[in-house]
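Undergrad: here is my input; please provide its structure:
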Amino acid sequence: MFGNIYSGKRVLVTGHTGFKGSWLVLWLSELGAEVIGLSLPPETDPNHYGLLGLDIHSVFHDIGEADPVYRTVAEFRPEIVFHLAAQALVRRSYRKPAETFGTNVMGTVHVLEACRMTDSVRAVVIVTSDKCYENREWIWGYRESDRLGGHDPYSASKGCAELVTAAYRRSFFPVRKYGETHEVLVASARAGNVLGGGDWAEDRLVPDVMRAASERRKVWIRNPEATRPWQHVLEPLSGYLMLGSGLFKGNKALSGAWNFGPNQEGHRTVKAVLQELGRYWSQIDYETTENEENPHEAGLLNLDCSRAFTLLRWNPVWDTSQTLFHTALWYKKFYETRKLTSRDNLAEYVAEAGQKRLPWADVEDSPDTTL
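TA: Okay, the predicted model is just below:
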């Protein structure tokens, strides 16, 4: 997979104790990478990272503080960096805006500055969000060249993180000077809503629903008609790993911003998602509620991923129904038996990608045809 790039490479993942980060370090471990994680300790009990029991080195620090980030990068000397650490919740950003900006903006500055000061680094992937765009709730998808912005502190902080990344790329890692004055290529990745087992974060649709189902109680849903681009967590991770491998190999065309989201069928309302989840786990039960005091959240948000589809030759493996099936069964299995199916999910996902002949799922020892 991925041209066998990650085997034996030193890879830093910030935010490795989070939902998406834990799946990424699992995959990197399976690929043979030497992984170090930099993050706050897990916030929830249970948490996916802890349950996986991975044999990687963890450093627990707040990336909003510069010195621990600089020290970790200088000591570990990573070759590839994936920056996922963030305050990732919209409603929390209303309660703690300063913390959100400090983590999401200055944390990104600290990671990029540490990479600038460490000559081992060759590839950097900064993960932001589809909410980095100035959302006008129009029906067509946002492209990488569309205006950045954000109504709430979380969305605005992600727009700012994109601006920080672009400034570092132009000022310190310009593509035109690659191989002359520097050896670093930087990309940013913007993904839609991700689903999958192992997410227990507060105030998120699927974790709230699954916790309620495990306790045989009903959950209240705020915005049943809100439409989002839903995808399994492994989908954008395959895109991030494609970027990391290509940047490491010196593919300058990959430097820049990339959207990773589902095909059009993956854009569904919250209500439709819940109805389908209920088909796979009958204990799921919910009611909708309208509260005018709820803070603003976007009602419609679509991504245009044609750049990744065309230039990177990245494509989703699982459609939305498969995503919801695997997600519901992951939680059902966990709550009934306390067993994880994460590795089984990853193996099945990789096998199906191979069957679809996706470029990253190349046969062992074959060239990486995507780059």
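Undergrad: run the chain-centre distance for the worst-scoring helix or strand of the chain on mean pLDDT.
TA: Every helix and strand in the chain was compared by mean pLDDT, DSSP states H and E; the lowest is strand 227-229, with a mean of 80. In terms of Cα atoms, centre = their mean, to the nearest Å, the gap separating the centre of strand 227-229 from the centre of its chain is 16 Å.
Undergrad: what of stretch 334-347?
TA: Shown here is stretch 334-347, whose average C-alpha point lies 20 Å from the average C-alpha point of the whole chain (Cα atoms, centre = their mean).
Undergrad: how long is that stretch end to end?
TA: Stretch 334-347 has its terminal residues 18 Å apart, counting by Cα to Cα, to the nearest Å.
Undergrad: ranges for the strands of the stretch 151-300 of the chain?
TA: Counting by DSSP state E, counting those that start in this stretch, the segments of the stretch 151-300 of the chain that form strands are 185-191, 194-195, 219-221, 227-229, 231-232, 256-260, 267-269, 286-288.
Undergrad: direction included, what does the last one pair against?
TA: Spelled out, that is strand 286-288. In its sheet, strand 286-288 lies beside strand 219-221 (parallel), with partners assigned from DSSP bridges.
Undergrad: buried ones in the strand it pairs with, by neighbour count?
TA: Buried positions in strand 219-221, judged by neighbour count with 16 or more other Cβ atoms under 10 Å: 219, 221. Heads up, the C-betas are built off the backbone N, CA and C, glycines and all.
Undergrad: try stretch 200-215
TA: Of the residues in stretch 200-215, those buried by neighbour count under the rule 16+ other Cβ under 10 Å are 200-201, 204-210, 212-214.
Undergrad: so Gly21 sits against Gly15, correct?
TA: Yes: in this structure, Gly21 is within contact of Gly15 by Cβ atoms under 8 Å, at 4.1 Å.
Undergrad: joint contacts of these two?
TA: Between them, Gly21 and Gly15 share these contacting residues under Cβ atoms under 8 Å, 6 or more residues apart in numbering: 39, 84-85.
Undergrad: whichever of these end up buried, select them in ChimeraX.
TA: Isolation of the buried members of the shared contacts of Gly21 and Gly15 (16+ other Cβ under 10 Å) is achieved in ChimeraX through the command below:
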select :39,84,85
